[in-house]
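Asks: Everything below, folded, please.
(one chain, ligands or ions: 2)
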Amino acid sequence: TMPFSVYLQQVDPDLAGLLSAVADASVKLSDAVRNAPLRNLTGAMDTTNVQGEIVQKLDDYSNQVLMDYCKASVACAGYLSEENEGVTTMNETGSLVIAVDPLDGSSNIDIAAPIGTIFAIWKRKSVAGPILESDFLQKGDECIAAGYVLYGSATMLMLSVGKGVQLFALNSSTATYMSVNSNVQLPSIGKIYSMNQGNLSKFEQAAKRFVAHCTETDKDTSRPYSIRYIGSMVGDMYRTFLKGGVFLYPAYEGETKGKLRLLYECIPMSFLAEQAGGMGTNGKERILSLQPTGLHERCAIVIGSSALVDLYLSFSK
Ligand code: AHM
Ligand code: MG
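Replies: Ligands and ions are numbered 1, 2, ... in the order given. Here you go, the predicted structure:
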């Protein structure tokens, strides 16, 4: 099987450099995650982040490591993270910007459940000099690469540079990623839905109708469907990519947005989903068509097998 470094030889050198930096950072993070209880890396910091959320020690550590590796990648001009309020200039002459959720699945950090790192990369819009907010307010359609690393029972890197989706597994003894699937296809149908159904009363009408449909008995369509919810988007999406189904964090009732963030959660996952033959929508529009207006903007998401996303959309009308 092909090492990740060999795969990167076919990628534009600037992008390859940044992807290599992110992969190297994730090798370090995978090790930190797996040894966190022994390294005083469990539990919370004393501070909260821009979203007013409690920051776990591993959230902060992951952000630091990613910033260090991205800075060392000369092509990386700018960095945006769930953990930082504004944008950070990395290299004034760089051509790329990266938005990351350094460690997704905060509520699962201390319970040894799957967590991960999500990222999306664009070409910067400004020519040179300090990076601007506007360099990050680009549509998912303009993304040149996106991916995530899952720190689960194995460490997996799922990546797209806009030519399908590639999957790599970390060989922990050599600290190298190896290709395990060069053409990930998200099944077009599925029998699993994944959402925080305990919050159903808070979600929009379409979500309630969708759940009513999924839980109904109907032999012809193999219903009721099963529910699987880890509570880490990276874990729930990994299953969705491999087995099909749908992952939802719908809009709250009376709002257009849900909990998850557009730039570093919804866009990268939607980019991967579309590249794998699936769909990602906010319940009304394709996520990749949305024009971002804020760095930490939230977005509703319904993503996965096209048959199930279409079904949700039919309840949205
Ligand atoms: P985080 O970035 O602070 O970890 O929050 C994102 C996570 C997702 O991984 C997951 O899908 C969702 O939050 C779970 O939210 P909830 O606990 O409301 O079900
Ligand atoms: Mg997250």
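Asks: what's stretch 9-19 in contact with?
Replies: The contact list for stretch 9-19 (CB atoms under 8 Å, 6 or more residues apart in numbering) reads 8, 70, 73-76, 94-96, 98, 121, 144-145, 147, 159, 161. (C-beta placed from N, C-alpha, C; glycine too.)
Asks: Give the residue farthest from the middle of the protein.
Replies: Ranking residues of the chain by C-alpha distance from their mean position (CA atoms, centre = their mean) puts residue 219 at the top, at 34.3 Å.
Asks: residues contacting that one?
Replies: By CB under 8 Å, 6+ apart, no residues touch residue 219.
Asks: got it, and residue 85?
Replies: For residue 85, the contact set (CB under 8 Å, 6+ apart) comprises residue 50.
Asks: Restricting to C-alpha, output the lengthiest helix in the chain in PDB.
Replies: Counting residues, the longest helix in the chain under DSSP state H turns out to be helix 13-35. Extracted C-alpha coordinates of helix 13-35, given in PDB (Å, rounded to 0.1, in the frame of the first residue of the first chain):
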ATOM      1  CA  PRO A  13       3.600  21.300  -3.800                       C
ATOM      2  CA  ASP A  14       2.200  24.100  -1.700                       C
ATOM      3  CA  LEU A  15      -0.800  22.100  -0.700                       C
ATOM      4  CA  ALA A  16       1.300  18.900  -0.300                       C
ATOM      5  CA  GLY A  17       3.500  20.800   2.200                       C
ATOM      6  CA  LEU A  18       0.600  22.000   4.300                       C
ATOM      7  CA  LEU A  19      -1.100  18.600   4.200                       C
ATOM      8  CA  SER A  20       2.100  17.000   5.300                       C
ATOM      9  CA  ALA A  21       2.400  19.400   8.200                       C
ATOM     10  CA  VAL A  22      -1.200  18.700   9.300                       C
ATOM     11  CA  ALA A  23      -0.600  14.900   9.000                       C
ATOM     12  CA  ASP A  24       2.600  15.200  11.100                       C
ATOM     13  CA  ALA A  25       0.800  17.300  13.700                       C
ATOM     14  CA  SER A  26      -1.900  14.600  13.800                       C
ATOM     15  CA  VAL A  27       0.600  11.900  14.500                       C
ATOM     16  CA  LYS A  28       1.800  13.800  17.500                       C
ATOM     17  CA  LEU A  29      -1.800  14.400  18.600                       C
ATOM     18  CA  SER A  30      -2.700  10.800  18.100                       C
ATOM     19  CA  ASP A  31       0.000   9.900  20.600                       C
ATOM     20  CA  ALA A  32      -1.000  12.600  23.000                       C
ATOM     21  CA  VAL A  33      -4.700  11.500  22.900                       C
ATOM     22  CA  ARG A  34      -3.800   7.900  23.500                       C
ATOM     23  CA  ASN A  35      -1.500   8.700  26.500                       C
END
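Asks: The helix or strand following it pairs with which strands, parallel or anti?
Replies: Using DSSP states H and E, the helix or strand that directly follows helix 13-35 along the chain is strand 44-48. When pairs are called by DSSP bridges, strand 44-48 turns out to pair with strand 54-56 (antiparallel).
Asks: Let's see the helix or strand just after the strand it pairs with as PDB, backbone CA atoms only.
Replies: Sequence-wise, the next helix or strand downstream of strand 54-56 (DSSP H and E) is helix 57-71. The C-alpha coordinates for helix 57-71 follow below in PDB (Å, rounded to 0.1, in the frame of the first residue of the first chain):
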ATOM      1  CA  LYS A  57      -6.500  20.700  28.200                       C
ATOM      2  CA  LEU A  58      -6.300  18.500  25.100                       C
ATOM      3  CA  ASP A  59      -8.300  21.100  23.000                       C
ATOM      4  CA  ASP A  60      -5.700  23.700  23.900                       C
ATOM      5  CA  TYR A  61      -2.700  21.400  23.400                       C
ATOM      6  CA  SER A  62      -4.000  20.300  20.000                       C
ATOM      7  CA  ASN A  63      -4.500  23.900  18.900                       C
ATOM      8  CA  GLN A  64      -0.900  24.700  20.000                       C
ATOM      9  CA  VAL A  65       0.600  21.800  18.100                       C
ATOM     10  CA  LEU A  66      -1.400  22.600  14.900                       C
ATOM     11  CA  MET A  67      -0.300  26.200  15.000                       C
ATOM     12  CA  ASP A  68       3.300  25.200  15.400                       C
ATOM     13  CA  TYR A  69       3.200  22.800  12.400                       C
ATOM     14  CA  CYS A  70       1.200  25.100  10.200                       C
ATOM     15  CA  LYS A  71       3.600  27.900  10.900                       C
END
